[in-house]
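Colleague: for reference, the sequence and a predicted model appear below.
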Amino acid sequence: MNRRRYLAASASAVALAGCLGDGESDGNENGNGNETENGESTSETDEGDESSGDWLFPGHDLGSSRYASYETNHGSELVTDWKYERGWAPTHTALVVADGTAYRAGNRLAAIDSDGEVLWEESYDVDSPLALVDGELLFFNENDRLFRLDSETGERLETTDIGITNPDRTVLTPESIYVLDSQLGRNDTILTAYETATGEQRWQYPDEYSQTVSLVRRTDETIVVAADDALVAIDDAAGDVVWRVDTHEWLPDDEDRNSHGLNSMVIRDTTAYVSVSQYNRDSSEYQQSVCAVDLEDGTSIWRRDVESGSVEAVDDERVYVVDDDLLTAFDATSGDERWDAIGRAWIESVTVTQDVVYCYDRDDQLIAFGTDEGEELLFESRRTRTPMSVTDDLVVANETVYVNGDDLVALQPSTETDP
């Protein structure tokens, strides 16, 4: 089974950039050229324009789809454009990229522009995801205080203590901070929503420590979480449960399968793609199923049984499942298998553009496959760090591939062509 290290909320600590740059509008289009209705943009306002080239979240978007919706002209190879070396490894905190500037946290926090120039670098013990909100960089430090910095200069603007105890299990958005908290010695967790601006509590789910909540994802108006052996949709405005569906309802009846836990989830539009572990306590055997779930009511759209695997990414046509070194693409609408491809080692991170699937593995190797047929496009064994040192995600933004390990390496398509 894939053992990719999940971040906050077990895979998706969310970071969001509030400004994507200015654009002119003629009244029928917004600044990104998207048509509007009655003066309102039809684009995903919370997430930003997904085709802008920015990577605004650790999972690219609030559903952690890991899909950058633009074509990648990677050529026959990728070459190092620049490298940020500081001799220290980053924490679990995600790398975010906006307007060509990469924000990267470790024992120090730095902003690096598209030429590899360090714009600023400050000493902060970052202990949470990063968030970019209206020109401010937000994060929690190891003392559980919320910091706000000027993203252009790194100047500290404000610090706030809102009383949370697990900032590394935090989801940050411009409107809300979502925190998974647990009691000492217990596995049960509570998800609490706070106002980002004031730190005031908005709601909790559940009301008391009675279940294990994980895998926090968000659509425009709904929070979707795994809770024990169920998927739960929560109205973000009020904190009320919209629906709750036990995972066994998506699976065939089998009295021997007595545990059905969710272990990964990505969201694209109004569909969640999840992997469900079915555990037989008598035989101690696992079986996995990949399910597409309608977020309107939690009903199953399709199910495919697999030996093992984790749902890692989804684009407009395919959902990508990793089982050790095997990458399989399933049709997002029907669940039919499109293709599979074998990597060189255990795949740790997957990122998708319109035409390329980038994979980084535990042996420090980068492989790219075509999205349509799964053909291998490039292979590079970097061997620049200790294997497994990539502590976060492989990020693709503005046609640059960022590998975030002990160093931050920016790779660009080679300009050389074959004779």
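Modeller: Yep, it's here.
Colleague: all helices of the stretch 201-350 of the chain, in order?
Modeller: Counting by DSSP state H, counting those that start in this stretch, the stretch 201-350 of the chain yields no residue ranges for helices.
Colleague: show me what the host helix or strand of Thr192 is packed against.
Modeller: Of the helices and strands defined by DSSP states H and E, Thr192 is found in strand 189-195. Counting contacts by 3 or more Cβ pairs under 8 Å, 6 or more residues apart in numbering; DSSP states H and E, strand 189-195 is packed against strand 176-182, strand 201-205, strand 213-218, strand 222-227. (Glycine included, C-beta is placed from N, CA and C.)
Colleague: run the last query once more with 7 Å
Modeller: Packing contacts for strand 189-195, counted by 3 or more Cβ pairs under 7 Å, 6 or more residues apart in numbering; DSSP states H and E, involve strand 176-182, strand 201-205, strand 213-218.
Colleague: packed most tightly, which of those would that be?
Modeller: Stretch with highest mean neighbour count among the helices and strands packed on strand 189-195: strand 213-218 (a mean of 24; mean count of other Cβ atoms under 10 Å).
Colleague: that one pairs with which strands, and in what direction?
Modeller: With DSSP bridges as the test, strand 213-218 is paired with strand 222-227 (antiparallel).
Colleague: quick check: angle from the partner strand to strand 176-182?
Modeller: Interaxial angle, strand 222-227 versus strand 176-182 (axes from the mean of the first three to the mean of the last three Cα atoms, to 10 degrees): 10 degrees.
Colleague: got the contact list for strand 222-227?
Modeller: Contacts with strand 222-227, where a contact means Cβ atoms under 7 Å, 6 or more residues apart in numbering, come from 191, 211, 213-217, 231-236, 242, 262, 265, 267, 272, 295.
Colleague: how far does stretch 296-314 sit from the chain's center?
Modeller: In terms of Cα atoms, centre = their mean, to the nearest Å, the centre of stretch 296-314 is set 17 Å apart from its chain centre.
Colleague: what is the mean pLDDT for that stretch?
Modeller: Mean per-residue pLDDT for stretch 296-314: 92.
Colleague: in that stretch, which residues are buried?
Modeller: If you call a residue buried by 16 or more other Cβ atoms under 10 Å, then stretch 296-314 has these buried ones: 298, 300-302, 304, 306, 308-314.
Colleague: endpoints of that stretch, how far apart?
Modeller: 19 Å (Cα to Cα, to the nearest Å).
Colleague: middle-most residue in the chain, spatially?
Modeller: The chain has Gly59 as the residue nearest its centroid, 1.8 Å off, counting by Cα atoms, centre = their mean.
Colleague: for the stretch 51-200 of the chain, just list every one of the strands.
Modeller: Applying DSSP state E, counting those that start in this stretch to the stretch 51-200 of the chain gives strands spanning 78-84, 96-98, 101-105, 109-112, 118-122, 131-133, 136-140, 146-150, 156-160, 170-172, 176-182, 189-195.
Colleague: can you lay out the ones you listed as TSV showing mean pLDDT and distance to Val403?
Modeller: As requested, these are exported to TSV (pLDDT from 0 to 100; distance: least, Cβ to Cβ, whole Å):
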stretch	mean pLDDT	distance to Val403
strand 78-84	89	10
strand 96-98	89	13
strand 101-105	91	11
strand 109-112	93	13
strand 118-122	94	18
strand 131-133	80	21
strand 136-140	87	22
strand 146-150	91	25
strand 156-160	89	29
strand 170-172	82	24
strand 176-182	85	28
strand 189-195	90	32
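Colleague: of all the ones you listed, which one comes closest to Asn398?
Modeller: strand 96-98 (7.3 Å; Cβ to Cβ).
Colleague: how far does that closest one sit from the chain's center?
Modeller: With Cα atoms, centre = their mean, you get 13 Å for strand 96-98.
Colleague: same check, this time on stretch 58-78
Modeller: 12 Å.
Colleague: can you give me the end-to-end distance of it?
Modeller: Stretch 58-78 has its terminal residues 22 Å apart, counting by Cα to Cα.
Colleague: contacts for the strand holding Thr192, please.
Modeller: 162, 176-182, 200-206, 209, 212-213, 216, 225, 239.
Colleague: count of neighbours near Tyr187?
Modeller: One correction, residue 187 is Asn, not Tyr. 10 (other Cβ atoms under 10 Å).
Colleague: right, I'll leave it there.
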